[in-house]
Every structure is written in C-alpha cells, then in structure tokens.
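K.L.:
build me a structure from this.
(chains A, B, C and D)
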There are 2 protein chains.
Amino acid sequence: MKELDPLLHSQLRLAVMSVLMNVEEADFVYLREKTESTAGNLSVQLDKLAAAGYITVEKGFSGRKTRTVCRVTPAGRAAFVAYVDTLREYLNL
Amino acid sequence: MKELDPLLHSQLRLAVMSVLMNVEEADFVYLREKTESTAGNLSVQLDKLAAAGYITVEKGFSGRKTRTVCRVTPAGRAAFVAYVDTLREYLNL
DNA sequence: TAATTTGGTTTATAAAATAAACCGCTTTAT
DNA sequence: ATAAAGCGGTTTATTTTATAAACCAAATTA
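P.N.:
Residues are numbered from 1 along each chain as shown, chains lettered A, B, ... in the order given. As a prediction, this is how the structure comes out:
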C-alpha cells in the first residue's frame, strides 16, 4: 500500500491546500476563517507547507495593515494530485 | 469546513478500515501484511478502532495457534462512508 | 531440549497538532 | 495625547498521536 504524503495528511494542511487549489491566492485571515482554525495552528502549518515548497507565503501590506498572502506552487499542486490519487486506492473512489 | 473524523484520519487506521470494508473479515497477520505495518503499531490501532466500536476483534485459535480476527461493524461502515463524504469536499472529487 | 519463529502486547520515544501566551502596530474612546 | 482594545500574526508550551523497540508466551524446528 502506497503511503499517504504525511505533509498533506493533516486535517488543517489538507484544508489549506484544498482552498488554495481552487483560488489562486488567499490571505491569512481568509484561510483562518475558511478552515475555522486558530491563528497559531494556521501559522505553524503554513510554515510547514512553505518549507516543503508546496506554497509561497508573502508578507506585505494592505494600506498600513500587514497582509500575508499564500499561493500554491506547481510542486504543491503535483503533491496534492498525487495525494488524491493515493487516497483513491484507500477509499476506492 | 466539516472536520475529518480523527479516528479515521490516520494512515494506518484508514488502511485497516479500507481493507475491512472490502473483505468481511481479516486476521491480524493478513492486515499486517496488507498494510505493511509493524505488529506493534497495528495492535495499538486495532485497539483504538475497537474501542470506538468501528471494528470487532476476536481472539481465537486456528488449530493450536492463536488467531485474531477483525471485522468492521455497522457503525464502522457508517463512519467510513461519512469520512469519505467529508473528504470529497476537501478534494472535490 | 535448546534455539527460533510466530503472533501478538506493552512500554518508551519521536513527531504532530493544538492551544496559550505573547508581540507590535492600529484604531477607537477618553 | 493617552489608555485601552483589536487585529494580524508568531513563539512557546502542552497534549495527542504515531511509531518503534523491547518484550512475552506458545509453538515449531534443529
């Protein structure tokens, strides 16, 4: 049995990737609301996804407030697709 | 976003349930081979699934050797189906 | 009968998820 | 102007989980 990419097999990271796959870009606040996660948890998981090269995290400003924008990278897309593929074996979808 | 049943959202437990969903009954050794897991890990995860009422674990004998047989319960089936359903939202399958 | 293997369980360790505390900057109210 | 409250996060600590390592009893093999 193929193993499920442990980086994606986490509720919150999967949810984040799921959102980003459909949206081209999303900021921290939007992700926190959409995934109903705490800021602390989200911050940690975004770091892990970024460290893996699955997403980019850009810290900028919107007016004078900070704004952190995330995007999925090609590698992230590929990993997500592979993950879904592996899951099909488990769930036989 | 609905949460993924944490009892099923674990690589090994999901693999075990996946096997049991298709097979009516399976013993410890078969599960260990099919999931390519260590006996220790498998033992622990079977206990958790059993404690949740998702599977039954019956310790008996085959000849004079012990044989531990597992089956998925109706509750287990329901939970698995619900889990798959929730996953569809994440993955949009 | 002494190893070895089989079928597991229990216990210890490593890794992950989550929450709690905190920090700097802004805005609002006084 | 200044204190207090809120926003957007990060860091650190705690709890849970997953995994591996060590172990055990019964059966088999040498």
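K.L.:
for chain A, what lies in contact range of DNA strand C?
P.N.:
A:6, A:9-13, A:38-41, A:44-45, A:48, A:63-65 (Cβ under 7 Å from any atom of the strand). C-betas here are computed from N, CA, C, even on glycine.
K.L.:
helix or strand for the residue nearest to A:Ile55 when sequence neighbours are not counted, which one?
P.N.:
The shortest distance from A:Ile55 to any non-neighbouring residue, by Cβ to Cβ, 6 or more residues apart in numbering or on different chains, is to A:Leu49 (4.6 Å). If you go by DSSP states H and E, A:Leu49 is part of helix A:39-51.
K.L.:
how many other residues sit next to A:Leu93?
P.N.:
Applying other Cβ atoms under 10 Å in any protein chain shown, we find 12 residues neighbouring A:Leu93.
K.L.:
residues contacting the residue lying closest to it once chain neighbours are set aside?
P.N.:
In this structure, A:Leu93 finds its nearest non-sequential neighbour in B:Leu93, 5.8 Å apart by Cβ to Cβ, 6+ apart. When contacts are counted by Cβ atoms under 8 Å, 6 or more residues apart in numbering or on different chains, B:Leu93 touches A:Val84, A:Leu93, B:Leu87.
K.L.:
same deal with A:Met17?
P.N.:
A:Leu8, A:Leu49, A:Tyr54, A:Ile55, A:Val72, A:Gly76, A:Phe80.
K.L.:
okay, now the fifth one: neighbour count?
P.N.:
The tally of other residues near A:Val72 (other Cβ under 10 Å) stands at 25.
K.L.:
kindly state the pLDDT recorded for it?
P.N.:
Per-residue pLDDT puts A:Val72 at 97.
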